[in-house]
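Engineer: Sequence first, predicted model second:
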Amino acid sequence: MGVRTNSYFIFSLLFLFFTFDLPISHGSDTISANQSLSGDQTLVSANGTFKLGFYDQPGNSSNYYICIVYIKVSLRTIAWIANRDKPIADKNSAVLKIMDGNLVLLNESQIPIWSTNQNSAASSSVVAVLGDDGNLVVKDGFNSTQPIWQSFDFPTNTWLPGGKLAYNKRTRTHQNLTSWKNSEDPSRGLFSLSLKADTNEYVTLWNGSERTNKLQCGNTSVANQESMDEFYEYPNMGLPDNSLSVASSSAAECASSCLNNCSCTAYSYYSNRCLIWIGELVNLQLSPNDGTGRTLYLRLAASEFSKGKENKGISIDAVAGSVAVVLLLGLVFIIIWKRQRSVVVEGGDLFSLLDHRLEKNADEEELRRIARVACWCIQDDENHRPTMGQVVQILEGVLEVNPPRVPRSLQAFVENHEHIVFFTDSSSGQRSQPQSAHSTASTRASSTSSTMISKS
């Protein structure tokens, strides 16, 4: 009888041992199927170089991420992040564990927000190991030669020794590096480094766009003149920072200095000064007509000029499109002011600006950004208006701006909007009827009708 009781007790202990998750032991580099990681618990690589755990970002202690960090560096240096786009709020309630053969991160509500997402037959023997090279490997504990998943295949913004950037021709997917959104937000930013599928060249992308024609490099005296790079002239530009001054006695010599430098992307020559730019051009702006603008010569492949008028048309279309966007933002803001002036001028519920059919189903922060950028685009002083690049960054949430001043013209428009009369001049020959600012435009006007605004 006593033997049966002891056997039952031992069996119960073993059942509890393999049923419940056990905490990670201090200094361990492995998570097994019956273990979990939470709170301040960490994995440490065998050589003591890397550590994996829950970390927040400086200045933002409300968001936590599963990160691999360097241990032997005084300033916290993050090498890899699992949930960079889906932070968790409470690291003590979140859990990283093995589930159904995958490494899974559960948030404070025990909802999976990140997973290795692999099909594994050996779910009970799967382990996750933090290697000495900073590679987090999920593998079958009984067959460790072939990893099921590894973090080296999914880099974030850091390329570790032994890691790889590649293009999978079977799945047509890239393994690339992607920048942080900003210094305090590790979510995906605008810049990435990837391998080009057709040429096996590494290319830097800005928001998914890239230079389509490769620049030629070499001594201009021996290079093929037909394939030599040329320069496109951009007058009246505000020159970017980080230029290099080069000794040159003429504009032609300055251009030659840029062509002979494989990394040179543009040059400018004025007042007997030669400036060249290495690498990417950032914050390029058109200057106001006050005499401060300079001519920038952008380096392009010769094939770009062979397109002739087509390229010029693209440039004109791009400028026209940019102007149209600014005008559209201004028009949207005028409509908002006309319909809801108390919200914009005196403060109020932003959702009241939305179409009622949306039933206030919108992101308040996005709505606030749209309203702010619309007002910035129609400031009285042109120098206070943002560039199109800044408009894009504001709308994407990359660039933060303060609430703008109320333009005097729109303030006057709102204060006197009751006295504004709309006229519709129809091509059908019918007599135009005045409408008050409170009434809507006539839907019976023909497609060729024009609208005028006048003050009574």
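Structural biologist: On my side now, so go ahead. Numbering: from 1, shown residues only.

Engineer: just the helices in the stretch 1-150 of the chain please.
Structural biologist: 2-19 (DSSP state H, counting those that start in this stretch).

Engineer: Quick one: low-confidence residue ranges for it.
Structural biologist: For the stretch 1-150 of the chain, the stretches flagged by pLDDT under 70 are 1-27, 59, 121-122, 142-143.

Engineer: Which stretches in it count as strands?
Structural biologist: Taking DSSP state E, counting those that start in this stretch, the strands of the stretch 1-150 of the chain run over residues 22-23, 30-31, 35-37, 43-44, 50-57, 60-70, 78-81, 95-99, 102-106, 112-115, 126-130, 136-140, 143-150.

Engineer: Could you export the ones you listed to JSON lines, including columns for mean neighbour count and distance to L190?
Structural biologist: (Each C-beta comes from the backbone N, C-alpha and C, glycine too.) Listed next are those as JSON lines, based on neighbours: other C-beta atoms under 10 Å; distance: least, C-beta to C-beta, whole Å:
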{"stretch": "strand 22-23", "mean neighbour count": "12", "distance to L190": "40"}
{"stretch": "strand 30-31", "mean neighbour count": "20", "distance to L190": "34"}
{"stretch": "strand 35-37", "mean neighbour count": "21", "distance to L190": "32"}
{"stretch": "strand 43-44", "mean neighbour count": "20", "distance to L190": "32"}
{"stretch": "strand 50-57", "mean neighbour count": "21", "distance to L190": "18"}
{"stretch": "strand 60-70", "mean neighbour count": "18", "distance to L190": "20"}
{"stretch": "strand 78-81", "mean neighbour count": "22", "distance to L190": "17"}
{"stretch": "strand 95-99", "mean neighbour count": "21", "distance to L190": "29"}
{"stretch": "strand 102-106", "mean neighbour count": "21", "distance to L190": "26"}
{"stretch": "strand 112-115", "mean neighbour count": "16", "distance to L190": "22"}
{"stretch": "strand 126-130", "mean neighbour count": "24", "distance to L190": "30"}
{"stretch": "strand 136-140", "mean neighbour count": "21", "distance to L190": "26"}
{"stretch": "strand 143-150", "mean neighbour count": "14", "distance to L190": "27"}
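
Engineer: Those strands: which one's closest to I276?
Structural biologist: strand 78-81 (34.6 Å; C-beta to C-beta).

Engineer: what does the closest one rub up against?
Structural biologist: 50, 55, 65-70, 134, 136, 151, 155-156, 158, 160, 186 (C-beta atoms under 8 Å, 6 or more residues apart in numbering).

Engineer: of these, closest to S243?
Structural biologist: T158 (29.3 Å).

Engineer: Quickly note the distance from the closest one to W80.
Structural biologist: 7 Å (C-beta to C-beta, to the nearest Å).

Engineer: do the same with E280
Structural biologist: 25 Å.

Engineer: ok, back up a step: out of the strands of the stretch 1-150 of the chain, flag the one nearest P288.
Structural biologist: strand 60-70 (37.7 Å).

Engineer: Can you measure across stretch 95-109, start residue to end residue?
Structural biologist: 10 Å (C-alpha to C-alpha, to the nearest Å).

Engineer: next one: stretch 378-394
Structural biologist: End to end - C-alpha to C-alpha - stretch 378-394 spans 15 Å.

Engineer: same question, stretch 41-57
Structural biologist: Taking C-alpha to C-alpha as the criterion, the two ends of stretch 41-57 lie 17 Å apart.

Engineer: ok, residues contacting it?
Structural biologist: Against stretch 41-57 from outside (C-beta under 8 Å, 6+ apart): 23-24, 27-31, 37-40, 62-72, 76, 78-79, 88, 91, 94, 130-132, 134, 136, 184-186.

Engineer: if we go to 6 Å?
Structural biologist: Stretch 41-57 is contacted by residues 24, 27, 29, 64, 67-69, 71, 91, 130, 132, 134, 184 when judged by C-beta atoms under 6 Å, 6 or more residues apart in numbering.

Engineer: what sits opposite the residue lying closest to T178 once chain neighbours are set aside in the beta ladder?
Structural biologist: Take T178 and drop its neighbours on the chain: the residue closest to it by C-beta to C-beta, 6 or more residues apart in numbering is S192, 4.4 Å away. Going by DSSP bridges, S192 is paired in beta bridges with T178, L205.

Engineer: Show the pLDDT at S192.
Structural biologist: S192 is assigned 83 on the pLDDT scale.

Engineer: One more: G218?
Structural biologist: 54.

Engineer: on that earlier part again, minimum distance to V401: which of the strands of the stretch 1-150 of the chain has it?
Structural biologist: Of the strands of the stretch 1-150 of the chain, nearest to V401 by C-beta to C-beta is strand 60-70, at 19.7 Å.

Engineer: one step back: would you list the strands of the stretch 1-150 of the chain in JSON lines and tack on distance to P386?
Structural biologist: Formatted as JSON lines, the strands of the stretch 1-150 of the chain follow (distance: least, C-beta to C-beta, whole Å):
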{"stretch": "strand 22-23", "distance to P386": "51"}
{"stretch": "strand 30-31", "distance to P386": "48"}
{"stretch": "strand 35-37", "distance to P386": "44"}
{"stretch": "strand 43-44", "distance to P386": "45"}
{"stretch": "strand 50-57", "distance to P386": "27"}
{"stretch": "strand 60-70", "distance to P386": "26"}
{"stretch": "strand 78-81", "distance to P386": "31"}
{"stretch": "strand 95-99", "distance to P386": "42"}
{"stretch": "strand 102-106", "distance to P386": "38"}
{"stretch": "strand 112-115", "distance to P386": "35"}
{"stretch": "strand 126-130", "distance to P386": "45"}
{"stretch": "strand 136-140", "distance to P386": "41"}
{"stretch": "strand 143-150", "distance to P386": "43"}
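
Engineer: could I get stretch 264-282 in PDB with only the CA atoms?
Structural biologist: The C-alpha coordinates for stretch 264-282 follow below in PDB (Å, rounded to 0.1, in the frame of the first residue of the first chain):
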ATOM      1  CA  CYS A 264      30.200  61.900 -55.500                       C
ATOM      2  CA  THR A 265      26.500  62.500 -56.200                       C
ATOM      3  CA  ALA A 266      26.300  66.200 -56.900                       C
ATOM      4  CA  TYR A 267      28.400  69.400 -57.100                       C
ATOM      5  CA  SER A 268      27.900  73.200 -57.000                       C
ATOM      6  CA  TYR A 269      30.300  75.900 -58.200                       C
ATOM      7  CA  TYR A 270      29.800  79.600 -57.300                       C
ATOM      8  CA  SER A 271      32.000  82.500 -56.200                       C
ATOM      9  CA  ASN A 272      35.100  80.500 -57.300                       C
ATOM     10  CA  ARG A 273      34.200  77.800 -54.800                       C
ATOM     11  CA  CYS A 274      33.700  74.100 -55.600                       C
ATOM     12  CA  LEU A 275      31.500  72.000 -53.300                       C
ATOM     13  CA  ILE A 276      30.700  68.300 -53.800                       C
ATOM     14  CA  TRP A 277      28.400  65.900 -51.900                       C
ATOM     15  CA  ILE A 278      29.300  62.400 -51.000                       C
ATOM     16  CA  GLY A 279      26.500  59.800 -50.700                       C
ATOM     17  CA  GLU A 280      22.800  60.700 -50.300                       C
ATOM     18  CA  LEU A 281      21.400  64.200 -50.600                       C
ATOM     19  CA  VAL A 282      19.200  65.000 -47.600                       C
END
